[in-house]
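Novice: Task: produce atomic coordinates for the following.
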Amino acid sequence: MAIRFEEQMLPSWRRAVLKVGSSLLAADNGGLSPRYAAALAAFVRQSRAQGRDVVIVSSGAVAAGRALAGPSSPTALPARQALAAIGQSRLMALWQSFFDEPVAQVLLTHDDLRHRRRYLNARSTLRELLALRVIPVINENDTVAVDELKLGDNDNLAAIVAALVDADLLMIASDIGGLYSANPRTSPDAVPIADVAAITPELFAMAGGSGTRSGTGGMRTKLEAAEKAAAAGIDTVLFDGTSGEVARALGEGRLYGTRIHAARTRLAARKYWLRHAPAGGRIVVDAGARIALRERGASLLPGGVVRSEGEFARGDVVEIVDPDGGVIGRGVSQYAATDIHRLFGRHTREIESILGYSYGENIIHRDDLVAL
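Specialist: Next comes the predicted model:
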């Protein structure tokens with residue numbers, strides 16, 4: 001489809017989640033094709049050369065598995081789970097073929113994102129992969145997911161991942177140019193909508209279902225994903241992933257597609273949540289830690305902790321107080337109260353020897369902390 005969207009500038013970003021749907025990866029005769037993915041991978045390489053991070057959320061495992069198992073493969077849930085298991089290695093091989101750096105397969109389920117500890121573990125893993133300059137390629141773990149606990153589609157998964165990795169931008173590539181006033185395939189009078197200030201019921205009324213046989217979600221799921229991302233302070237852009245010209249423009253900071261604005265910045269959304277989420281307990285810090293947190297925006301390390309108060313688990317929001325009892329901040333604790341009781345005043349290198357495990361050197365990472 002020819003470009004119908006006017007050029008606009010991409011919002012400023014340092015880390016993005018790029019969602020690539022099955023319709024962009026499926027070959028005409030079954031299996032996977034690099035036809036469209038190659039230009040998107042070139043955008044990822046260019047972005048990384050500019051010092052940016054890109055996390056890929058990719059569909060396509062079931063399509064790849066169906067090609068290997070035969071076109072007459074059954075479609076019941078156990079069969080689709082088997083097809084996903086067969087095709088996942090082919091999907092990863094396709095993405096790895098575009099990069100000299102390693103790619104990392106990350107398969108997530110509903111439970112990984114619903115349970116606090118598993119959510120934090122997934123977050124820590126993705127952060128470490130990005131620090132190692134590895135390219136994460138994420139998919140729902142269709143091999144073990146069941147219908148009632150499926151995340152549903154990779155559009156919504158991409159929005160959840162964008163919040164998980166503290167992304168600045170969610171990028172959804174599909175086989176359509178962006179948001180239109182009607183289905184452009186059936187309505188010649190459909191008008192492209194380049195800029196959306198907020199998701200409204202009227203926008204959802206314009207959205208349809210899945211547009212292709214390979215895909216599981218249409219424009220409606222993309223709007224649902226954009227709504228989730230906006231709540232986390234993350235802008236979303238929708239664009240035509242079948243166009244090499246559109247993909248190349250992205251690498252130059254230009255967008256031909258739809259931009260959906262977040263209500264507030266990512267940082268503001270995160271700080272708002274930290275300020276108002278119920279606190280499970282308190283961590284008392286010494287004067288040195290108080291200065292480091294307030295004046296330098298540092299993370300909280302075990303050496304600066306005096307004691308913990310109350311019962312709280314890993315992942316709970318806690319208040320941070322100074323020796324005089326004044327509240328100086330709030331944050332997400334990487335360790336439970338019982339762990340902190342054993343760690344306070346100690347060096348970070350001692351964490352694993354004391355506990356027998358480690359969730360990292362920070363009691364509270366600076367990205368999970370707001371000063372008051």
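Novice: Dump the C-alpha coordinates for the host helix or strand of Ala268 into PDB.
Specialist: Taking DSSP states H and E as the criterion, Ala268 maps to helix 266-276. Presented in PDB, the C-alpha positions along helix 266-276 are these (Å, rounded to 0.1, in the frame of the first residue of the first chain):
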ATOM      1  CA  ARG A 266       7.100   7.900  31.500                       C
ATOM      2  CA  LEU A 267       9.000   9.300  34.400                       C
ATOM      3  CA  ALA A 268       6.000  11.200  35.600                       C
ATOM      4  CA  ALA A 269       3.700   8.200  35.300                       C
ATOM      5  CA  ARG A 270       6.200   6.100  37.200                       C
ATOM      6  CA  LYS A 271       6.700   8.700  40.000                       C
ATOM      7  CA  TYR A 272       3.000   9.100  40.300                       C
ATOM      8  CA  TRP A 273       2.500   5.400  40.900                       C
ATOM      9  CA  LEU A 274       5.400   5.300  43.400                       C
ATOM     10  CA  ARG A 275       4.100   8.300  45.300                       C
ATOM     11  CA  HIS A 276       0.600   6.800  45.700                       C
END
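Novice: pLDDT on that helix, on average?
Specialist: Averaged across helix 266-276, pLDDT comes to 79.
Novice: now for it, which elements pack on it?
Specialist: In this structure, helix 266-276 packs against strand 327-332, strand 369-371, with contacts taken as 3 or more Cβ pairs under 8 Å, 6 or more residues apart in numbering; DSSP states H and E. C-beta here means a position set from N, CA and C on the backbone, and glycine is covered the same way.
Novice: tell me the most buried of those?
Specialist: Counting by mean count of other Cβ atoms under 10 Å, strand 327-332 has the highest mean neighbour count of the helices and strands packed on helix 266-276, with a mean of 20.
Novice: Could you identify which of the helices and strands packed on helix 266-276 has the lowest mean pLDDT?
Specialist: Among the helices and strands packed on helix 266-276, strand 369-371 scores lowest, at a mean of 91.
Novice: picking that back up, roughly how far out does the helix holding Ala268 sit from the chain middle?
Specialist: Its chain's C-alpha centre and that of helix 266-276 lie 17 Å apart, by Cα atoms, centre = their mean, to the nearest Å.
Novice: just the angle between it and strand 327-332, please?
Specialist: 110 degrees (axes from the mean of the first three to the mean of the last three Cα atoms, to 10 degrees).
Novice: So for helix 266-276, what gets flagged as buried?
Specialist: By neighbour count on 16 or more other Cβ atoms under 10 Å, the buried set for helix 266-276 is Arg266, Ala269, Arg270, Lys271, Trp273, Leu274.
Novice: again with stretch 348-359
Specialist: Ile351, Ser358, Tyr359.
Novice: With stretch 183-197 instead?
Specialist: Buried residues in stretch 183-197, counted by 16+ other Cβ under 10 Å: Pro184, Ala190, Pro192, Ile193, Ala194, Val196.
Novice: Closest one to Ala158 out of those residues, please.
Specialist: Distance ranking of the buried residues of stretch 183-197 against Ala158, using Cβ to Cβ, places Val196 first at 17.3 Å.
Novice: Is the closest one bridged to anything, and to what?
Specialist: Beta-bridge partners recorded for Val196 (DSSP bridges): Ile260.
Novice: got the contact list for it?
Specialist: Leu179, Leu203, Ala226, Thr258, Arg259, Ile260, His261 (Cβ atoms under 8 Å, 6 or more residues apart in numbering).
Novice: now that we have the residues you listed, which one has the most neighbours?
Specialist: Within the contacts of Val196, most neighbours by other Cβ atoms under 10 Å means Ala226, with 29 neighbours.
Novice: Quick check: that one vs Glu350, distance?
Specialist: According to Cβ to Cβ, to the nearest Å, Ala226 stands 45 Å off from Glu350.
Novice: Name the SS class of Ile138, please.
Specialist: Three-state assignment for Ile138 (DSSP: H, G, I helix; E, B strand; the rest coil): strand.
Novice: Hmm, Thr109 and it touching each other?
Specialist: No - the pair Ile138 / Thr109 is not scored as a contact, 11.5 Å apart, by Cβ atoms under 8 Å.
Novice: For these two, indicate the residue with more neighbours.
Specialist: Ile138 (25 against 20).
Novice: How about Arg48, nearest residue that isn't a chain neighbour?
Specialist: Nearest-residue entry for Arg48: Val54, 6.6 Å, with adjacent residues in sequence omitted and distances by Cβ to Cβ, 6 or more residues apart in numbering.
Novice: ok so that neighbour is a helix residue?
Specialist: No - secondary structure assignment (three-state DSSP) places Val54 in strand, not in a helix.
Novice: For it, which residues are in contact?
Specialist: Arg15, Ala16, Val17, Leu18, Val44, Ser47, Arg48, Ile135.
Novice: Just the buried ones from those residues, in PyMOL syntax?
Specialist: The buried residues among the contacts of Val54 can be selected in PyMOL (16+ other Cβ under 10 Å) with this line:
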select buried, resi 15+16+17+18+44+47+135
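Novice: Out of the contacts of Val54, the closest to Pro34 would be?
Specialist: Distances from Pro34 to the contacts of Val54, taken by Cβ to Cβ, are shortest for Val44, at 13.5 Å.
Novice: Pretty sure Ile56 is one of the things the closest one touches, is it not?
Specialist: Yes - counting by Cβ under 8 Å, Val44 does reach Ile56; the two are 7.0 Å apart.
Novice: what touches both of these two?
Specialist: Leu18, Ile135.
Novice: what about the strands in the stretch 1-150 of the chain?
Specialist: According to DSSP state E, counting those that start in this stretch, the stretch 1-150 of the chain carries its strands in the segments 7-9, 15-20, 53-58, 103-108, 135-140.
Novice: buried residues in the helix or strand of the chain with the lowest mean pLDDT?
Specialist: One helix or strand of the chain scores below all others by mean pLDDT, DSSP states H and E: helix 110-114, with a mean of 75. The neighbour-count check on helix 110-114 (16+ other Cβ under 10 Å) flags His110, Asp112, Leu113 as buried.
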